[in-house]
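Undergrad: Below are the sequence and a predicted model; questions follow.
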2 protein chains.
Amino acid sequence: MTMPMDLLQRLTGLVGSAGVVTNASDLEPYAVDWRKLFPGKPACVVRPTSTEQVAGIVQICRESGTAIVPQGGNTGLAGGAVPDPSGTQVVLSLNRMAAIRHVDPVGLTIEAEAGCILKVAQDAAAAAGRLLPISLAAEGSATIGGVVAANAGGVNVLRYGMTRSLVLGLEVVLPDGTVANGLRRLRKDNAGYDWKQLFIGSEGTLGIVTAAVLRLLPRPKHAATALLSVADPAAALRLLALAQDELGDQISAFELISATSMQLVARHAGLKAPIAEGEWFVLIEAASSLAGLREAAETMLGAAFEQGIALDGVIAESGAQAAQLWALREHVTESEAREGKSVKHDVSVPLTDVPRFLSEAGEALAAGAPGTRVNAFGHLGDGNIHYNVLVGADHDAGVVNRIVHDVVAAFGGSISAEHGIGQYRVGELARYRPSTEMELARTIKRALDPDNRLNPGKVLLP
Amino acid sequence: MTMPMDLLQRLTGLVGSAGVVTNASDLEPYAVDWRKLFPGKPACVVRPTSTEQVAGIVQICRESGTAIVPQGGNTGLAGGAVPDPSGTQVVLSLNRMAAIRHVDPVGLTIEAEAGCILKVAQDAAAAAGRLLPISLAAEGSATIGGVVAANAGGVNVLRYGMTRSLVLGLEVVLPDGTVANGLRRLRKDNAGYDWKQLFIGSEGTLGIVTAAVLRLLPRPKHAATALLSVADPAAALRLLALAQDELGDQISAFELISATSMQLVARHAGLKAPIAEGEWFVLIEAASSLAGLREAAETMLGAAFEQGIALDGVIAESGAQAAQLWALREHVTESEAREGKSVKHDVSVPLTDVPRFLSEAGEALAAGAPGTRVNAFGHLGDGNIHYNVLVGADHDAGVVNRIVHDVVAAFGGSISAEHGIGQYRVGELARYRPSTEMELARTIKRALDPDNRLNPGKVLLP
């Protein structure tokens, strides 16, 4: 234990012994991310039950010069919520602050504490007949605070935006221990700086999110799910244009799946697409309160065949069939893991450049890392591709990263479309983002956390 | 002229004599806001033609200790874009930087320079078959830069959000003269701090927006516009719930109009609602790519009658009829001005509290400012009411402000739902917003503009 006893005593005095974890085996789930890529060692874990306790913990740690790592469901993909291996950092877990405080089905708002599980909030919205549209694989464990701090994406971003666009109000404990309470349930508030934006997506490096007011939406009554095969990514883009024309903003997902991805899913999950084989597949989902959705989807499919855009395709006839189509997409990641080692990239480029990006990245890998195989899939409707590279034992992950991210940079793209930076991409961000922007980020960090006590080493290099 | 000759020479040297305005009559349109509430006196007006020139102007002014007031179309309602009366501040007008650089109808993005008129950008999107959904009364004069800097609202916020939710990329000249170029055409970018959020809605006090990438949307093919009368605001909320159920997120406007507003419009604009008189009116617009919209609107209207929510109502049978219904709403402000003097408020409260807010504010005014009349109308679907008070010669505007804003504060509302703070509400913001939030705002301002040279006195008191 490298933690001063005095600190432990003060923390225990504040939150009680049930709120402080020091036992090695109990610390384990807090110490490492779920992909086990970033093993850390916390000095201890503190689990407050109120915003006042969070503020008190920040104050105590500040006085002892201790770094704090805020943690929600610990489902992040970039190691942003786990401590370093020094044994000196305190993990502040929000998992005992999990209340849903308010659901307003007409005002379309929900207020929840940071530790509330995303799925619980989704269900509360559904029980009120409304939709909380943040939807992602980890929704059964991810928390509202983590989702806000990470500005989480997911499968509905195309229609509803990233988490940022759903945050109406925020309560944050600042690095100096003061509480900024902006938990307003207002759909419009243009009075002064919208400071909450700073904390959304800053991964706990500027403040600790303790509660949030999120926007809800009317719950669509009708859904249409279709799977189509196309010859190439350019045809997938033509299909997107067609879908935009016929379905407008009722498209909620437009997912690209490569033949490689489908083959992996067939091999390891035993699932097979119910349409003819193709080089690329597109999974489209649309949902609406209006009747006429099914008809519009059929019009789209007909036009896609007529114009030679789609090679084959099917519209789900039931919720069960729609779930079967989605299962193909949802099993890609897991099937990839069973296939072997891979180097993952969560990148975005301007949407209409996706076909050229895929072709240039493929060529660059064939030249610079021969023997690798590309497993590309993801949110084409957002220009966001999970460009994962299956590698052998001899391939150097750093080399693969460099090849892919260089092509991303050449297209003016982003090296993290939705997963954030954490510690995983902190060097890559510093490499690719222009120095003016990095300096602006450091100016913001210095202004709010001059002693670098909040989640140090994440997002920004020290 | 209180401006050092040296400064004028350097500015002229940078942008040419055509780019510097010093003649008193030419200065006039830049010196005062269009409501003529905030007459100022610029040292001069500089009109750069490039981002490099903007950066050069900032550098020159910095070296001479001169304050800069950025200005777009000068259509703001809070005096945020006009100089103070000292004759020492330089107005930096973006009106010669007006190019549309790019429209991508499938990637759904548009890139425009700051001085581009909003209407021109809307038309460019429409020519590509897409929709730029920012829509407001001043759209023929307001500029993209001003709209971004003010985080403008308008009639489509209910569906598409404030301007903030449509900004994908931003180029900003910082107070130190460096250029932060974040003009990425990405729909998803979660890499590091999203610093552009700081500049959206900060009214030119933190940086000068020189160009923006905005999100476009598919253009709906069908529209339905309805005007209904209801007994009271609570019934209007029940109608909103019904509209949410039947029309979902295809509702694009849900406007409340009081009988007083309708009477003013009848008296001064000669326009009359084509339905039976009532105490309150609701104008609903929905638009969709899907057929079935009209049917859903009729179902909603039928249910509203059946459940006794609507007293009378009509659905427009044509675009011309829809325009007639909208004309009623659009003539409220002008008719109010013809009626006489008024004290305006642009407030929001949690949506479901609007009925109680209206009743309590009315009672408070009757008690504290007898003889005033309330002209309430606005964006009920956003909880945003333009709560304007018709006053006589003897009424004190400050007293009326205090009464209304105290009630807003009691409901946890905002004293500026969409118009911003500028110089108009700077004292009110300081009064009503908690000191922790104001201190956080000052921390941000100090970090970016330590010498307070950028639009001083706006948003934050010195």
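TA: Cool, the structure landed.
Undergrad: contacting residues around the residue nearest the centre of chain A?
TA: Centroid-nearest residue in chain A, with Cα atoms, centre = their mean: A:Ala152, separated by 3.5 Å. Residues in contact with A:Ala152, defined by Cβ atoms under 8 Å, 6 or more residues apart in numbering or on different chains, are A:Ile134, A:Leu136, A:Ala142, A:Gly146, A:Met162, A:Thr163, A:Glu418. Yep, even glycine has a C-beta here, placed from its N, CA and C like the rest.
Undergrad: Please apply the same query to A:Asp6.
TA: Contacts of A:Asp6 by Cβ under 8 Å, 6+ apart are A:Ser64.
Undergrad: and the gap between it and A:Gly19?
TA: Applying Cβ to Cβ, to the nearest Å, the value for A:Asp6 to A:Gly19 is 17 Å.
Undergrad: Give me the three-state assignment for the closest residue in space to A:Asp449 that isn't next to it in sequence.
TA: Nearest residue to A:Asp449, sequence neighbours excluded (Cβ to Cβ, 6 or more residues apart in numbering or on different chains): A:Pro175, at 4.0 Å. For A:Pro175, the assignment made with DSSP: H, G, I helix; E, B strand; the rest coil gives coil.
Undergrad: I'd assumed A:Arg446 was in contact with A:Pro175.
TA: No. Counting by Cβ atoms under 8 Å, A:Arg446 is not a contact partner of A:Pro175; they are 10.8 Å apart.
Undergrad: Which one's more surrounded, the two?
TA: Neighbour totals were compared for A:Pro175 and A:Arg446, and A:Pro175 leads with 22 against 13 (other Cβ atoms under 10 Å in any protein chain shown).
Undergrad: Distance-wise, check that one relative to B:Asn74.
TA: From A:Pro175 to B:Asn74 the distance is 39 Å (Cβ to Cβ).
Undergrad: Kindly report the same for A:Arg238.
TA: Relative to B:Asn74, and taking Cβ to Cβ, A:Arg238 is found at 43 Å.
Undergrad: of the two, who's got more company?
TA: The neighbour count for A:Arg238 versus B:Asn74, taken as other Cβ under 10 Å, is higher for B:Asn74 (22 against 17).
Undergrad: Touching, that one and B:Val82? I think so.
TA: Yes. Under the criterion of Cβ under 8 Å, B:Asn74 makes contact with B:Val82 at 7.0 Å.
Undergrad: Residues that sit against both of those two, list them.
TA: Joint contacts of B:Asn74 and B:Val82 (Cβ under 8 Å, 6+ apart) are B:Tyr30, B:Asp33.
Undergrad: A:Ala364: neighbouring residues, count only.
TA: Neighbour tally, A:Ala364, other Cβ under 10 Å: 16.
Undergrad: Was I right to think it contacts A:Val407?
TA: Yes. In this structure, A:Ala364 is within contact of A:Val407 by Cβ under 8 Å, at 5.5 Å.
Undergrad: Now do the contacts for the residue of the stretch 101-250 of chain A found nearest chain B.
TA: Per Cβ to the nearest Cβ, A:Gly248 is where the stretch 101-250 of chain A lies closest to chain B, at 2.7 Å. Applying Cβ under 8 Å, 6+ apart, we find A:Gly248 in contact with B:Leu217, B:Pro218, B:Arg219, B:Pro220, B:Lys221, B:Ser288, B:Ser289, B:Leu290.
Undergrad: Filter those residues down to the buried ones.
TA: B:Leu217, B:Pro218, B:Arg219, B:Pro220, B:Ser288, B:Ser289, B:Leu290 (16 or more other Cβ atoms under 10 Å in any protein chain shown).
Undergrad: Would you mind measuring from the residue of the stretch 101-250 of chain A closest to chain B to B:Leu166?
TA: In terms of Cβ to Cβ, A:Gly248 sits 16 Å off from B:Leu166.
Undergrad: A:Glu306 too?
TA: A:Glu306 is 34 Å from B:Leu166, by Cβ to Cβ.
Undergrad: out of the two, which sits in the busier spot?
TA: When A:Glu306 and B:Leu166 are compared for neighbours, B:Leu166 comes out ahead with 24 against 9, by other Cβ under 10 Å.
Undergrad: residue contacts, that one?
TA: For B:Leu166, the contact set (Cβ under 8 Å, 6+ apart) comprises B:Leu132, B:Pro133, B:Ile134, B:Tyr160, B:Leu214, B:Arg215.
Undergrad: Take these and keep only those in helices.
TA: The helices, defined by DSSP state H, take in B:Tyr160 from the contacts of B:Leu166.
Undergrad: sec struct for the closest residue to A:Val332 other than its chain neighbours, please.
TA: Excluding the flanking residues, the one nearest A:Val332 by Cβ to Cβ, 6+ apart is A:Ser261, at 4.7 Å. Three-state assignment for A:Ser261 (three-state DSSP): helix.
Undergrad: Check A:Ser261 and give its pLDDT.
TA: You'll see A:Ser261 listed with a pLDDT of 98.
Undergrad: From A:Leu237, how far out is it?
TA: 18 Å.
Undergrad: Tell me which of those two has more neighbours.
TA: More crowded of A:Ser261 and A:Leu237, by other Cβ under 10 Å: A:Ser261, with 26 against 23.
Undergrad: Relative to A:Ile385, how far out is the more buried one?
TA: 11 Å.
Undergrad: Give me the domain ranges for chain A.
TA: Split into domains by automatic domain parsing, chain A comes to A:5-93, A:100-218, A:222-333, A:340-435.
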